[in-house]
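**Q** just a sequence and a predicted model for now, questions to come.
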There are 2 protein chains.
Amino acid sequence: MSDACTPTLPGFTCGLDATLRVIAGKWKPLILYFLAQGGPTRYGDLRRAIRDVSDKMLIQQLKELTADGLVRRTDYKEVPPRVDYALTPLGESLAQALVPLCTWGTENLQEVTRVFEQRAADRAAGRAAGPAA
Amino acid sequence: MSDACTPTLPGFTCGLDATLRVIAGKWKPLILYFLAQGGPTRYGDLRRAIRDVSDKMLIQQLKELTADGLVRRTDYKEVPPRVDYALTPLGESLAQALVPLCTWGTENLQEVTRVFEQRAADRAAGRAAGPAA
DNA sequence: ACAAGTATGCACCTTTTGGTAAGTGATCCA
DNA sequence: TGGATCACTTACCAAAAGGTGCATACTTGT
């Protein structure tokens, strides 16, 4: 796995651990994804693009990403509010690092799909057997 | 972010999403990490290596990784139980895809560390101000 | 006889995460 | 005047994730 992982870091086990904690959160990768695709994006556009995300969640994750220096928030201080979000250089580099995962998921889509069907089936079986017995 | 992300997948938003759901779980990346480093590893060794993980969690995540086809479990059916775990080819390929994240975390360790200190400070401030007001 | 180690299972509980629904000022449109 | 849009905020809740600790069947070491 290369020795980029080996050093003993303060707080996290390895660089991988650190990274995963930064992007932890149901919508963060997706946000990074959309921001990496197009340039600066208005809040409402993100909101509509991601679909299924609630205001609360989207705002929350955007806040964290912003506080973490991965995303830059621009408030135009206009009368009907106007705000947009864009990746910082750091955010862009992270988005780059995500590409192989993205590729892996796509390349192994069959396996992954099977995996999730299996998980669902197991959960269903568990719920059927568990409460019954 | 390359177009490895673009296809409309059944269930998940993109390959990245799919991958992240596979490795979701506090200890899975670490397990993958340790298994990628050395070859087959006995349960007890993993347990001691990862430290801070509980039996319940480790077993649970190993089970999922095994069910997902990323890890192969070998039970030697011996009298004092002996079992070991190793990566499958699929698991190895995933471990490879994790390397850039690992590298990113290591390269941007300063930023990441700052980020987490900031988060901690914010949480502390929040707890101090919130209940008071 | 007794403690320890082996790989797990299980019950219970707390923390974290995510989701829903409502409300905020201000402006624009009919 | 009433409704919609903008970017949020807040209070409340449900579900999931994670943690602790005890139990198991068997053997080995003392």
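**A** Received it, and whenever you're ready, just let me know what you need.
**Q** and the helices in chain A?
**A** Along chain A, counting by DSSP state H, helices occupy A:15-22, A:28-37, A:43-50, A:55-67, A:89-107, A:109-129.
**Q** quick one, which of the ones you listed is nearest to A:Asp75?
**A** Checking the helices of chain A against A:Asp75 by Cβ to Cβ gives helix A:43-50 as the closest, at 10.0 Å. For every residue, glycine as well, the C-beta is placed using N, CA and C.
**Q** deepest-packed of the helices of chain A, please.
**A** helix A:15-22 (a mean of 24; mean count of other Cβ atoms under 10 Å in any protein chain shown).
**Q** how near is the residue nearest to A:Asp122 when sequence neighbours are not counted to A:Gln60?
**A** Nearest non-adjacent residue to A:Asp122, counting by Cβ to Cβ, 6 or more residues apart in numbering or on different chains: B:Ala67, 7.3 Å away. According to Cβ to Cβ, to the nearest Å, B:Ala67 stands 32 Å off from A:Gln60.
**Q** low pLDDT regions in chain A?
**A** Where chain A drops to pLDDT under 70, the residues are A:1-11, A:126-133.
**Q** how far away is the spatially most central residue of it from DNA strand D?
**A** Centre of chain A computed as the mean C-alpha position; nearest residue by Cα atoms, centre = their mean is A:Pro29, 1.9 Å away. To DNA strand D, A:Pro29 is 16 Å away according to Cβ to the nearest atom of the strand, to the nearest Å.
**Q** surely that residue meets A:Ala95?
**A** No - using Cβ atoms under 8 Å, A:Pro29 is not in contact with A:Ala95; the gap is 9.1 Å.
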